[in-house]
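> the following comprises the amino acid sequence and a computationally predicted model.
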Amino acid sequence: MRRTRVAARSSGQPRAVLGFVMALPPLLLIAVFAGLPIVLAVGYSLGHTGGLNSVTASYAQHQHVATSGWGTFAAYREMLATGRFRTDVAVTVLVTLLSTAVVLVLALGIALNLRLRGGRVAGAIAALGVIPLFIPVVIASWAILTFYSTDGFIRSVFAQVGLDAPALGFKVVTIVIGSVWTSLPFAVLMVSSGIQSVPDAVIDAARDSGAGLLRTTRSVILPMAFIPIVIATTFTAIGVLGSFTVPYFTGPNSPRMLGVDIQNYFAAYNQPQQAIVIAVTIFVLASGIAVLYIWANFRSANSKDL
Amino acid sequence: MARRLTTNVLLTLFLALLVVFILGPLLWLGIRAFATSWTYPNLLPDGWTLEWWRKVIADNQLSTAVQNSLTFAPLTVIVSAVICLPAAYAFGRHDFAGRKIMLVGIFATNAFPKMGLFVTMASMFYALGLMQTVLGIVIVHVMGTVVFMTWIPAAAFGAVPRSLEEAARDAGASPARVFFRVTLPLALPGILVAMVMSFLASFDEAQGTYLVGYPDYLTMPTQMYSLVLNYPLQMAAVFSILLSIPSVLLLALAHRHIMGGQLAEGFQLR
């Protein structure tokens, strides 16, 4: 299927040039307004304060300026020596892992139920999982905070029967709840699209040869839907890792997630260099995850070409 | 038989929990927009009123934010479409050197945290005189839509069967006619989904807008931040409902295509 599609893509010399030129505008936009700032920012974090960085550098507090040609790691050393920063990195990674795991389990459950059982209830469950896609994150975060807080719904319900439920406002758990809520739709769409496209014949064949439901799922369905599952996982993880709104509204003041730290160092402490060091830290972590995504995509492309 | 019953009970229970998890917070917040006051631990407010709606509509700052949001979101979709749709067509239909690397490159910036990107953009925007300008805000918003507006339509263009176009050509239709009568209509669901996602991304964008636009241009999500801290809870609830209306309308418009896999297709690079 994919082979014929690639083969049908036109690749004559002049048309190839035309295609390349047509594809350029969004890339140029990204190069100018994201690529260049990122390069400048990394330079600034290494102590290069001149050029386009000079505006920022002029008001920055507690700045490390490069003394050698390539720069200095002083800002990185300073941040890594801060216990607070190390805790925040750990919390950010923890929240990312937990949220991604929960999102993945929910999305897989919803998608498998839709594929293997089907019916109206399964459809309703899947539709429900997509609803958060249409709610602005600011509102979602705030709604979740009020729902789980001291005078929120959960505690009110427990109080009706005389029980005292824990207040979950401004906790790390609340960030996980909020992240799962906001990340669920994309994962549900991705994973169910992957699992829906496993042909009936393949599943029936596995069942006919005596494989149980679990075995069919594990050795037939999941491998065939591998790429969409990897995509769902990586995008969820990258999204949570760099998130700001959800932890800003629902999370505690300490420990904080790195996305909130960036804002604090930039706006509250007037330390843009340290803010960028945090941004680069997230970027490095996210790049690790992104490699997984790219690897999965290319692996599939290669295996299909064989 | 008993096992089937157990699964059904479990499934119904899961559905109930999911309803509470997904819809609960929204309802709990929504009811507040019509509440006089609310005493813990009652499950309903003390009384009902439309007073907060009047207050929000009468508040100049808030209605300006509504107007700004309703201007920037469509503007973003148009600019993004002009920049990205030709590229999407090229990615879907042409094979050229570096095609796949360019497709991945469009996503690469998403790995850099948004907040960090805005901090780094700010310095450059000062230098270029883009602070507190409409153009500056549109750039920030468009940046958040490039992945949707390129990837999803690219997959849609790529999936249009060549045989249909060839048949139209054989019947004597000009290339332009083939594009507008065959290719574009078939790719339209994907483009529609991309536009909806871009509209929502722009409508949802808060930090970048605040950084570039404050204090001249404030949109609804940027106002939400100050609302939550400085106004009665009920007014923020009213505002939340207002902010959700466009999204819900778009959901009604595009949910069939989004659920049908247009979005998912776009994220699998081919």
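Noted; the coordinates are in hand.
> is stretch A:95-113 in proximity to chain B?
Yes: among the residues of stretch A:95-113, A:109, A:113 lie within reach of chain B under CB under 8 Å from any CB of the partner chain. Every C-beta, even on glycine, is put in place using the N, C-alpha and C of the backbone.
> that stretch: how far from the chain's middle?
Relative to its chain's centre, stretch A:95-113 lies at 13 Å (CA atoms, centre = their mean, to the nearest Å).
> just give the closest residue to residue 244, not the sequence neighbours.
Assuming you mean chain A. Spatial nearest neighbour of A:Phe244, chain neighbours left out: A:Gly259 (4.0 Å); criterion: CB to CB, 6 or more residues apart in numbering or on different chains.
> chain B was what I was after
A:Ile135 (6.0 Å).
> how close does B:Met224 sit to B:Leu50?
21 Å (CB to CB, to the nearest Å).
> can you name the residues of the stretch 201-306 of chain A sitting close to chain B?
So far as CB under 8 Å from any CB goes, the stretch 201-306 of chain A lies against chain B at A:227-228, A:231, A:235, A:238, A:241-242, A:244-245, A:249, A:258-259, A:262-263, A:266, A:272, A:275-276, A:278-280, A:282-283, A:286-287, A:289-290, A:294, A:297-298, A:301.
> run through the residues that contact the residue of the stretch 151-300 of chain A found nearest chain B.
Closest approach between the stretch 151-300 of chain A and chain B, counting by CB to the nearest CB: A:Ala279, at 2.4 Å. Taking CB atoms under 8 Å, 6 or more residues apart in numbering or on different chains, we find A:Ala279 in contact with A:41, A:262, B:112-113, B:115-117, B:119-120.
> what strand or helix carries it?
Secondary structure from DSSP states H and E places A:Ala279 in helix A:272-305.
> run the chain-centre distance for that helix.
The chain centroid and the centroid of helix A:272-305 are separated by 11 Å under CA atoms, centre = their mean.
> equivalent analysis for stretch B:131-143, please.
Distance, stretch centre to chain centre, for stretch B:131-143: 17 Å (CA atoms, centre = their mean).
> give the buried residues for it.
B:131, B:133-134, B:136-143 (16 or more other CB atoms under 10 Å in any protein chain shown).
> and which of the residues you listed is nearest B:His255?
B:His141 (23.3 Å; CB to CB).
> can you list the low-confidence ranges for the stretch 151-300 of chain A?
For the stretch 151-300 of chain A, the stretches flagged by pLDDT under 70 are A:300.
> ok, now the stretch 51-200 of chain B?
B:109.
> excluding its backbone neighbours, what's nearest residue 164?
In the absence of a named chain, this looks at chain A. Spatial nearest neighbour of A:Asp164, chain neighbours left out: A:Phe158 (6.7 Å); criterion: CB to CB, 6+ apart.
> try again with chain B
B:Val182 (5.6 Å).
> my read is that that neighbour contacts B:Val160, right?
Yes: assessed by CB atoms under 8 Å, B:Val182 is found in contact with B:Val160 at 7.4 Å.
> burial count for A:Ser58?
11 (other CB atoms under 10 Å in any protein chain shown).
> is chain B contacted by the helix or strand where it lies?
Using DSSP H and E, A:Ser58 maps to helix A:54-59. Yes: applying CB under 8 Å from any CB, one finds helix A:54-59 touching chain B at A:55-56.
> next secondary structure after that helix?
Next along the chain after helix A:54-59, taking DSSP H and E as the criterion, comes helix A:74-81.
> that following helix vs helix A:272-305, what angle?
Calculated by axes from the mean of the first three to the mean of the last three CA atoms, to 10 degrees, helix A:74-81 forms an angle of 90 degrees with helix A:272-305.
> and helix A:74-81, how far from the chain's centre?
The chain centroid and the centroid of helix A:74-81 are separated by 26 Å, computed with CA atoms, centre = their mean.
> and the helix or strand just after that helix, what does it pack onto?
Using DSSP H and E, the next helix or strand after helix A:74-81 towards the C-terminus is helix A:83-116. Contacts defined by 3 or more CB pairs under 8 Å, 6 or more residues apart in numbering or on different chains; DSSP states H and E place helix A:83-116 against helix A:119-130, helix A:172-196, helix A:226-241, helix A:258-263, helix A:272-305.
> hmm, 7 Å instead?
Applying 3 or more CB pairs under 7 Å, 6 or more residues apart in numbering or on different chains; DSSP states H and E, we find helix A:83-116 packed against helix A:119-130, helix A:172-196, helix A:226-241, helix A:258-263.
> ok, the residue nearest the centre of chain B - contacts?
Among the residues of chain B, the one closest to the centroid is B:Leu200, at 1.9 Å (CA atoms, centre = their mean). Contact partners of B:Leu200, counting by CB atoms under 7 Å, 6 or more residues apart in numbering or on different chains, are A:134, B:247, B:250.
> would you say it is within a helix?
Yes: assessed by DSSP: H, G, I helix; E, B strand; the rest coil, B:Leu200 belongs to a helix.
> domain map for the chain?
Unless you meant another one, I'm taking chain A. Per the record, chain A has its domains at A:17-72, A:73-305, by automatic domain parsing.
> sorry, I should have been clearer: chain B.
Per the record, chain B has its domains at B:1-26, B:59-266, by automatic domain parsing.
> ok, back up a step: out of the contacts of A:Ala279, which is nearest to B:Val77?
Using CB to CB, those come closest to B:Val77 at B:Leu117, 20.8 Å.
> next one: the closest one from chain A, what distance?
6 Å (CB to the nearest CB, to the nearest Å).
> same check, this time on B:Ala252
10 Å.
> count residues in the vicinity of that residue, would you?
By the measure other CB under 10 Å, the count of residues near B:Ala252 is 9.
> A:Ile30 now?
21.
> my read: it touches B:Thr145, true?
No: using CB atoms under 7 Å, A:Ile30 is not in contact with B:Thr145, being 11.5 Å away.
> okay, and the closest residue to B:Ala206 other than its chain neighbours sits in which element?
Leaving aside its sequence neighbours, B:Ala206 sits nearest to B:Pro221 (CB to CB, 6+ apart; 3.9 Å). Counting by DSSP H and E, the element that carries B:Pro221 is helix B:220-230.
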